[in-house]
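Asks: one predicted model, sequence on top.
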Amino acid sequence: MCIRDRYQRRVRGFSSNNLPNHATRMSHPLNSLQNVFTRQGQEKIAPPGSPPAPKPMGEFHDDIDYVSMELQGIHISRIMRNPSPALLYEEALKYEPGTYITNTGALSVRSGERTGRSPKDKRVVKEPSSQDKIWWGRVNIPMDEHTFLINRERAIDYLNTRDRLYVFDGYAGWAPEYRIKVRVVCTLAYHALFMYDMLIRPTREQLHEFGEPDFTIYNAGSFPANRYTREMSSGTSVDINFGRREMVILGTKYAGEMKKGIFSVMHYLMPLRGVLSLHSSANEGPDGDVSLFFGLSGTGKTTLSADPARKLIGDDEHCWYDGGVFNIEGGCYAKTIGLSAEKEPEIHAAIRFGTVLENLVLDEYTREPHYDDSTITENTRAAYPIEFISNAKVPCIGTHPSNIVMLSCDAFGVLPPVCRLTPEQAMYFFISGYTAKVAGTEVGIVEPQATFSACFGDAFLTLPPTVYAEMLADRMKQNGTHAWLLNTGWVGGEYGTGKRISLKYSRAIIDAIHNGELAKASTTTFPYFNLQVPTACKGVPEDVLLARPIWEDKVKYDTLLKKLATLFSQNFKQFESFASEAIKNAGPVL
């Protein structure tokens, strides 16, 4: 007889004489878990003479802790709805191999074979309500509804084989008038804790009134897709259906798929309501001035927005609406490779109880994370509630941005550390989205690769890039927002010979943008691109600012600069038919 069955027999009426001596003085060790699994209305019979006991964490106080999934085809009775982090720790440590508690109290987990997103396995269902709006192609690969239903049934069947499931109900979007209700159904406690950290956590009153979700994720990532099903490219499949308001995950336990899946959903829903969704971080200065930072993973969005002198609004996903900007998420998902208290004190201090550390190597005895160890992956991550950043602004809403900073991780090493952009140049660079894919953020990326990603995040766009670009242009014009291009990649040489620009220099440049120094600085014109490059910035050597002087091989620098300008021109041809003459003229001149 298993422990659970023996315990259930006890609580149904065994006398205190049959229980351990301490049972009349304290709750049984399994009580907290049993209470979470008990449906509302089931009677719990206490041993005679037992004193009244406080209700353990997770016990059903009312119907907010119970959720039925029968209509969705899920018949499991043991469903934990919005359990506390402590209970999720217990569950993960008991049932999920490779899970440990670190020396600072974070939960260290492994995502298995997939340690990054799988963009080639992402599918969007071609259905009547959305098919005429979606930006179809390599980013949004179409899937027919029949195949989606096959994958959905496969996921539901797998969920029904589990002893226990976890449900987390939360919100996406801090502005109440634009937030959506999200439900996550998963088999791993670590996934539930991850989404507890990343979504906006409801109060008990909000949970009581939650009702039906606007979007549901069925995460059966521990079970593969059938590779022989039509339109499958591997055993992994991440499928979004806007008509059914559902997302199905098969064949990957990488938690970032859930986070970015909801971002794709917001990228679809928000522009249709006149709200611009952006792949950006945001912070706010002492005077209320807001800055947005655009960039792909690994370009510095999280690091540069975590500024002790400014309040953090969010580190990755935002919306710009008539009232200002709001964060989509309730947490942060920071890269931790090379993390140290000296370089990134705010992020380092956030790694404590409640934080999920994904795919890090730990010391065998002390359980201290080895942040410089990339044995498992370069894409090591920490997920934590935004309140773990000491100077976070909650609610995560700010005024209209004063500055936009576009972050390009230049693997060629030829772009200057900072350039001032005209409004037309800002649109050109936003649509182009030049950067490098950093090792580990996607399956198969083992070293930086130069790439163009429209709107600095085309992997998450659902509508054509020009929709977002036109909305950005209108917002900037209405609010007089300034734009800058920062190279957070290589200087003094290309990848392999140069080195990544010092974080100290990047922070000094950001400080100069915020205090107005760079807006007043004298500039020189950058070849081919006609960008204005400041010639002085406190804390940054002049030869670093101008880029070319610190290259030993000047001929190679000139060759690579012309090559990059050519790549920009070739990439932009796909947008020329609907770009204005002013934006087309803002590109490089060869």
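Replies: Looks like it arrived, so ask away. Since we're looking at a predicted model, the values are computed, not measured. Numbers count the residues shown, from 1 in each chain.

Asks: show me where the stretch 151-300 of the chain has its helices.
Replies: Counting by DSSP state H, counting those that start in this stretch, the stretch 151-300 of the chain has helices at residues 189-198, 204-208, 256-272.

Asks: oops, could you answer that again for the stretch 451-590 of the chain instead?
Replies: Under DSSP H, counting those that start in this stretch, the stretch 451-590 of the chain gives helices at 465-479, 503-514, 517-520, 542-546, 554-572, 581-584.

Asks: just the stretch 1-150 of the chain next, same as before
Replies: Listed in chain order, the helices of the stretch 1-150 of the chain (DSSP H, counting those that start in this stretch) span 3-11, 31-37, 85-95, 145-159.

Asks: ok so, going back, now tabulate the helices of the stretch 451-590 of the chain in CSV and tack on distance to Asp239.
Replies: Where you see a C-beta, it was placed from the backbone N, CA and C, and this is true even at glycine. Listed next are the helices of the stretch 451-590 of the chain as CSV, based on distance: least, C-beta to C-beta, whole Å:
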stretch, distance to Asp239
helix 465-479, 23
helix 503-514, 38
helix 517-520, 45
helix 542-546, 46
helix 554-572, 29
helix 581-584, 35
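
Asks: per-residue confidence for the closest residue in space to Lys260 that isn't next to it in sequence?
Replies: Excluding the flanking residues, the one nearest Lys260 by C-beta to C-beta, 6 or more residues apart in numbering is Phe460, at 5.8 Å. As predicted, Phe460 sits at a pLDDT of 95.

Asks: ok, Ala341 - contacts?
Replies: 348-349 (C-beta atoms under 8 Å, 6 or more residues apart in numbering).

Asks: where does pLDDT dip in the stretch 451-590 of the chain?
Replies: Within the stretch 451-590 of the chain, no stretch falls below the threshold (pLDDT under 70).

Asks: try 80 this time
Replies: Low-confidence segments of the stretch 451-590 of the chain, defined by pLDDT under 80, span residues 578.

Asks: do the stretch 1-150 of the chain as well
Replies: 1-66.

Asks: how about 70 then?
Replies: By pLDDT under 70, the low-scoring segments of the stretch 1-150 of the chain are 1-65.

Asks: all strands of it, in order?
Replies: 79-81, 100-101, 107-109, 122-125, 141-143 (DSSP state E, counting those that start in this stretch).

Asks: including mean neighbour count and distance to Glu344, could those strands go into TSV?
Replies: TSV is the format used below for these (neighbours: other C-beta atoms under 10 Å; distance: least, C-beta to C-beta, whole Å):
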stretch	mean neighbour count	distance to Glu344
strand 79-81	21	34
strand 100-101	16	22
strand 107-109	24	19
strand 122-125	24	30
strand 141-143	18	36
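
Asks: want to throw these into JSON lines with distance to Thr203?
Replies: What follows is those, written out as JSON lines (distance: least, C-beta to C-beta, whole Å):
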{"stretch": "strand 79-81", "distance to Thr203": "14"}
{"stretch": "strand 100-101", "distance to Thr203": "28"}
{"stretch": "strand 107-109", "distance to Thr203": "24"}
{"stretch": "strand 122-125", "distance to Thr203": "33"}
{"stretch": "strand 141-143", "distance to Thr203": "37"}
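
Asks: and Glu364, which of the ones you listed is closest to it?
Replies: Closest of those to Glu364 is strand 100-101, at 10.2 Å (criterion: C-beta to C-beta).

Asks: let me see the residues that make contact with that closest one.
Replies: Outside strand 100-101, the residues that reach it (C-beta under 8 Å, 6+ apart) are 89, 93, 107-108, 362, 367.

Asks: farthest-separated two in those?
Replies: Tyr89 and Leu362 (15.6 Å).

Asks: tell me the contacts of the residue nearest to Lys260?
Replies: Neighbours of Phe460 in contact, by C-beta under 8 Å, 6+ apart: 260, 263-264, 267, 279.

Asks: can you tell me the distance between the two ends of stretch 220-236?
Replies: Using C-alpha to C-alpha, to the nearest Å, the end-to-end distance of stretch 220-236 comes out at 10 Å.

Asks: hmm, who's touching that stretch?
Replies: Residues contacting stretch 220-236 (C-beta under 8 Å, 6+ apart): 114, 118, 120-121, 123, 141, 143-144, 147, 150-151, 154-156, 158-159, 186-188, 191, 237, 248-254, 257.

Asks: mind redoing it with 7 Å?
Replies: Stretch 220-236 is touched from outside by 114, 118, 120-121, 123, 143, 147, 150-151, 154-155, 158-159, 187, 237, 249-253, with contacts defined as C-beta atoms under 7 Å, 6 or more residues apart in numbering.
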